[in-house]
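K.L.:
What shape does this take:
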Amino acid sequence: MSKSILKKDNPTIIISRTDNIGDVVLTLPLAKYIRLKYPKAKILFLAKSYLKPLIESSEYIDGFLELEGISTLPETFMQIDFFKTLKADVIIHVFPNIEMGLLARKAGIAYRIGTSHRSYHWLYCNKLVNFSRKRSSLHEAQLNFKLLAPLGIGIPELTELKTAFGLTRIPEFKEENVLDKNRFNLIIHPKSRGSGREWDWEHYNRLVEILSQEKFKLFVTGTEEEGKVIREKLLKNHPEVTDMTGKQDFAQLLAFISKADGLVASGTGPLHLAAAMGKRAIGLFPPMKPIHPGRWAPLGPNASFLVLDKKCTDCKKGGTCSCINSITAEQVKELLLR
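P.N.:
Alright, predicted model coming up:
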């Protein structure tokens, strides 16, 4: 483990991850290990505004910084002044963002950590870490820890990270009456918004058919736009499935998943949320890098995944994925019943 660049035991540290749900979920463990190394640290998390309920649910994070709020400040000097008021000692650019990189440098944040694989980081960061996500065999959650090396923090074992999210402050779920205390409340999240390959509808229909209605209460989630397809492809055949598409904002989706018992999805944000909250999260993956489970498997004490054991690049440019469709509904059912 490298020596820490920090000389003080109460630093203010910004974690910047400005992409989407699954990526941010798998970045949350950084806050726990920073807290373990620096118990008196103030830890701030910079992310997209819609993710505020997630960030504020982590017991290891002291404050949320809204990307859009900073980006839309009327003058550049106001953006710089905002960063200065934070009195941050460190900013960790987990997801490279050229605008935030420039502002952090101009604000005079002492230590600015980023990957050496972004050319603008050579201008805006003063602590460069050399690694490649695409070529690494590490899980995404472990790769994030590469950027903590300047703080004297190493890479934990994957098993340690399964309980490192700290999601103990989940918003209250306002619709608990939809849940059935006598059955396993299972969420099906069939769409991925392009973040992964998707199981065909025939498999989701088959899964609904073979899960006992006495044991399972089924829900389907997604955006309102996705709901149009879901109603045509799944709910028309199975009206017993409760349609939750387009009915919840992100805070309520987070709360809903926290109250459910399990979730089935491809490699998408809600899968990682469910896993991090200890639910029976089952991920459906293709064996193709970089979207394979070696990189993106759900992490949690009750999470698992299914993937065909072969090397394949047939659907690299999109389209139907025969590998993910080789996974059967019966295999999913078996994992749910374990």
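K.L.:
What's the mean pLDDT across stretch 161-177?
P.N.:
The average pLDDT within stretch 161-177 is 96.
K.L.:
Identify each buried residue in it, please.
P.N.:
Residues of stretch 161-177 classed as buried: 161, 162, 164, 165, 166, 167, 170, 171, 173 (neighbour count, 16 or more other C-beta atoms under 10 Å). C-betas here are computed from N, CA, C, even on glycine.
K.L.:
next one: stretch 201-216
P.N.:
203, 204, 205, 206, 207, 208, 211, 216.
K.L.:
and the buried residues of stretch 161-177, which of them are in helices?
P.N.:
Counted as lying in helices by DSSP state H, out of the buried residues of stretch 161-177, are residue 161.
K.L.:
need the buried residues of stretch 161-177 in a markdown table with distance to residue 221, can you?
P.N.:
Converted to a markdown table, these look like this (distance: C-beta to C-beta, whole Å):
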| residue | distance to residue 221 |
| --- | --- |
| 161 | 25 |
| 162 | 23 |
| 164 | 25 |
| 165 | 20 |
| 166 | 24 |
| 167 | 18 |
| 170 | 16 |
| 171 | 16 |
| 173 | 13 |
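K.L.:
nearest to residue 13, of the buried residues of stretch 161-177?
P.N.:
For those, the minimum distance to residue 13 (C-beta to C-beta) is 15.4 Å, reached by residue 166.
K.L.:
got the phi/psi numbers for the closest one?
P.N.:
phi 70, psi 30 (degrees, to the nearest 10).
K.L.:
Residue 59 is in contact with that one, correct?
P.N.:
Yes. Between residue 166 and residue 59 a contact is recorded at 4.3 Å, counting by C-beta atoms under 8 Å.
K.L.:
so how far is residue 78 from residue 211?
P.N.:
Shown here: residue 211 relative to residue 78, a distance of 54 Å by C-beta to C-beta, to the nearest Å.
K.L.:
Please enumerate the helices of the stretch 1-150 of the chain.
P.N.:
Secondary structure of the stretch 1-150 of the chain, counting by DSSP state H, counting those that start in this stretch: helices at 21-25, 29-37, 52-55, 67-71, 76-86, 98-106, 121-124, 140-145.
K.L.:
Packing partners of the third one?
P.N.:
Applying 3 or more C-beta pairs under 8 Å, 6 or more residues apart in numbering; DSSP states H and E, one finds that helix 52-55 makes contact with helix 21-25, strand 63-66, helix 250-259.
K.L.:
got the CA positions of the shortest one in CSV?
P.N.:
Only the C-alpha atoms of strand 63-66 are listed here, as CSV (Å, rounded to 0.1, in the frame of the first residue of the first chain):
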residue,chain,number,x,y,z
GLY,A,63,-23.0,15.8,1.9
PHE,A,64,-24.3,15.8,-1.7
LEU,A,65,-23.1,18.1,-4.5
GLU,A,66,-25.4,18.5,-7.5
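K.L.:
So what are the sheet partners of that strand and their directions?
P.N.:
Here strand 63-66 has these sheet partners by DSSP bridges: strand 42-47 (parallel).
K.L.:
If I take the partner strand and helix 76-86, what angle do their directions form?
P.N.:
For strand 42-47 against helix 76-86, the angle between stretch directions is 150 degrees (axes from the mean of the first three to the mean of the last three C-alpha atoms, to 10 degrees).
K.L.:
how far does strand 42-47 sit from the chain's center?
P.N.:
Offset of strand 42-47 from its chain centre (C-alpha atoms, centre = their mean, to the nearest Å): 16 Å.
K.L.:
what's near enough to touch the closest residue to residue 167 other than its chain neighbours?
P.N.:
Excluding its sequence neighbours, the residue lying closest to residue 167 (C-beta to C-beta, 6 or more residues apart in numbering) is residue 57, at 4.8 Å. With contact taken as C-beta atoms under 8 Å, 6 or more residues apart in numbering, residue 57 is in contact with 167, 168, 169, 170, 171, 254.
K.L.:
Start and end of stretch 122-132, how far apart?
P.N.:
Terminal residues of stretch 122-132 are spaced 16 Å apart (C-alpha to C-alpha, to the nearest Å).
K.L.:
Pull out the buried residues from that stretch.
P.N.:
124, 125, 127, 128, 129.
K.L.:
Model confidence score at the fourth one, please.
P.N.:
To tie it back to what came earlier, the one meant is residue 128. With respect to pLDDT, residue 128 scores 97.
K.L.:
which residues does it contact?
P.N.:
Applying C-beta under 8 Å, 6+ apart, the residues near residue 128 are 113, 114, 115, 116, 121, 122.
K.L.:
looking at the sheet around it, what are its partners?
P.N.:
Where residue 128 sits in a bridge, its partners, by DSSP bridges, are residue 114.
K.L.:
Please settle this for me: is residue 233 part of a helix?
P.N.:
Yes. The assignment for residue 233 by DSSP: H, G, I helix; E, B strand; the rest coil puts it in a helix.
K.L.:
burial count for it?
P.N.:
Neighbours of residue 233 under the rule other C-beta atoms under 10 Å: 15.
K.L.:
ok, now residue 234?
P.N.:
Using other C-beta under 10 Å, residue 234 is surrounded by 20 other residues.
K.L.:
With residue 285 instead?
P.N.:
There are 26 residues near residue 285, going by other C-beta under 10 Å.
K.L.:
Quick check: it touching residue 306?
P.N.:
Yes. Contact criterion C-beta under 8 Å: residue 285 and residue 306 qualify, at 7.1 Å.
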